[in-house]
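Asks: task: produce atomic coordinates for the following.
(chains A, B, C and D)
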Protein chains: 2
Amino acid sequence: MRKSFLFIDTITNKVDAKGRVSLPSDYRAILKELSTEIVCYRSLTAPCIEGCTEELLDKLAAEMENSMDFFSQEQDDLTNLIFGDAKRFPFDSTGRINLSEKLMKHAGITDTAVFVGKGRKFQIWNPENWAKEEARIRAEVLKKRPVLNKSAEAVHD
Amino acid sequence: MRKSFLFIDTITNKVDAKGRVSLPSDYRAILKELSTEIVCYRSLTAPCIEGCTEELLDKLAAEMENSMDFFSQEQDDLTNLIFGDAKRFPFDSTGRINLSEKLMKHAGITDTAVFVGKGRKFQIWNPENWAKEEARIRAEVLKKRPVLNKSAEAVHD
DNA sequence: TTACAGGTTATGGTATAACATGGGATTTTA
DNA sequence: TAAAATCCCATGTTATACCATAACCTGTAA
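Replies: Residues are numbered from 1 along each chain as shown, chains lettered A, B, ... in the order given. Here you go, the predicted model:
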């Protein structure tokens, strides 16, 4: 039986001249029994790197394989985009991975990386970009709050 | 021992005068326990070579015989085209395969080959053609993003 | 609260192994 | 018998594994 796991918390680590970063120890602890590597790719929607287990990608591959849509153009495009961009990043006994040039450039990361937990996935950001993004998200939530309160009142009436 | 069998990442390798190319080591690692050869054929829809394990073709054949009318006549023909075109390419101890003239010509490959992971399959492209294709796909997929299926969104959110 | 000790994690540097690639020898095929 | 495919060895380059030290965090006791 597979135990569930979550990437949570936000951790800032340094990136050295070779592009090495320590994966947060909490993240490693989660993977310890599963593997010693994670999969990373460029986010489609944000200037950041996304990471997940290979298991998650494999699930996607299995679904596509079984969809009988062997010759669909749309599926073809999608698989190219996802699997072509993803790459395995093994980490050694000290827990570091080697970020590629492509990923660092996409996220604007030079000497510092911020790891942000997202449940089954996590993201890696440039510190300034993450600060802005977090502020944006918080503002977004606040804007919607009055609406949420209204529905709450409806419940209490 | 690896549990999943995913071709991922994009790797560029040189093709020497004899038509030899190194299969990316990650791709070889996947096959290590299964075999020392890969199956390649001309893509039906794009100017590139497609590669996969013989196992995948076998699965396709099994699906055809078990669900006679699941595939349309057209897809049936397409599948037969693939079987007719496919050929086994063994790789030696250094991990190289010998691309055939037919395949190289179809993909416009001369001295450089780009391997693009597609999950259970991969593609081999001429570098310039792949650059164009990747740009096209990114634009296309972003346009259709709201329509993407659930599993894809689970990976790319 | 402060200071300290012990264990864990992060980071810098270096030795080692793996890989891609070129060249040539040997075998197979037409 | 020539041409082509396969195999084997050598080498430069790059990425990986390993070790050492520094920073950090946690708990305990003054």
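
Asks: for A:Asp16, helix, strand, or coil?
Replies: Reduced to three states with DSSP: H, G, I helix; E, B strand; the rest coil, the structure at A:Asp16 is coil.

Asks: list the contacts of it.
Replies: Residues near A:Asp16 by Cβ atoms under 8 Å, 6 or more residues apart in numbering or on different chains: A:Asp111. In short, each C-beta sits where N, CA and C put it, glycine included.

Asks: for it, give its distance to DNA strand C.
Replies: Separation of A:Asp16 from DNA strand C (Cβ to the nearest atom of the strand, to the nearest Å): 3 Å.

Asks: how much space is there between that residue and A:Cys40?
Replies: Distance, A:Asp16 to A:Cys40, by Cβ to Cβ, to the nearest Å: 17 Å.

Asks: helices of chain A, start to end?
Replies: A:25-31, A:54-66, A:73-85, A:101-107, A:127-156 (DSSP state H).

Asks: between the ones you listed, which one is closest to DNA strand D.
Replies: The closest of the helices of chain A to DNA strand D is helix A:101-107. By Cβ to the nearest atom of the strand, the value is 8.5 Å.

Asks: what number of residues lie near A:Thr36?
Replies: Residues lying near A:Thr36 (other Cβ atoms under 10 Å in any protein chain shown) number 12.

Asks: actually, A:Trp125.
Replies: For A:Trp125, the neighbour count with other Cβ under 10 Å is 26.

Asks: so it bridges to which residues?
Replies: In this entry, A:Trp125 is beta-bridged to A:Val114, by DSSP bridges.

Asks: residue contacts, it?
Replies: A:48-49, A:107, A:109, A:113-114, A:116, A:133.

Asks: so what pLDDT did it get?
Replies: Confidence at A:Trp125, expressed as pLDDT, is 97.

Asks: A:Asp77 - how many residues pack around it?
Replies: Counted with other Cβ under 10 Å, the neighbours of A:Asp77 add up to 17.

Asks: what about A:Pro47, neighbour count?
Replies: 16.

Asks: ok, it to DNA strand C distance?
Replies: Distance of A:Pro47 to DNA strand C, computed by Cβ to the nearest atom of the strand: 21 Å.

Asks: pull the distance from stretch A:49-66 to the chain's centre.
Replies: Centre-to-centre, stretch A:49-66 and its host chain are 13 Å apart (Cα atoms, centre = their mean, to the nearest Å).

Asks: re the thing from before, nearest to DNA strand C, out of the helices of chain A?
Replies: Across these, DNA strand C has its closest neighbour in helix A:25-31 (3.8 Å, Cβ to the nearest atom of the strand).

Asks: just the C-alpha atoms of that closest one, please, in CSV.
Replies: Only the C-alpha atoms of helix A:25-31 are listed here, as CSV (Å, rounded to 0.1, in the frame of the first residue of the first chain):
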residue,chain,number,x,y,z
SER,A,25,15.4,17.7,3.8
ASP,A,26,11.7,17.4,4.3
TYR,A,27,11.3,16.8,0.6
ARG,A,28,14.0,14.2,0.6
ALA,A,29,12.5,12.4,3.6
ILE,A,30,9.3,12.0,1.7
LEU,A,31,11.0,10.4,-1.2
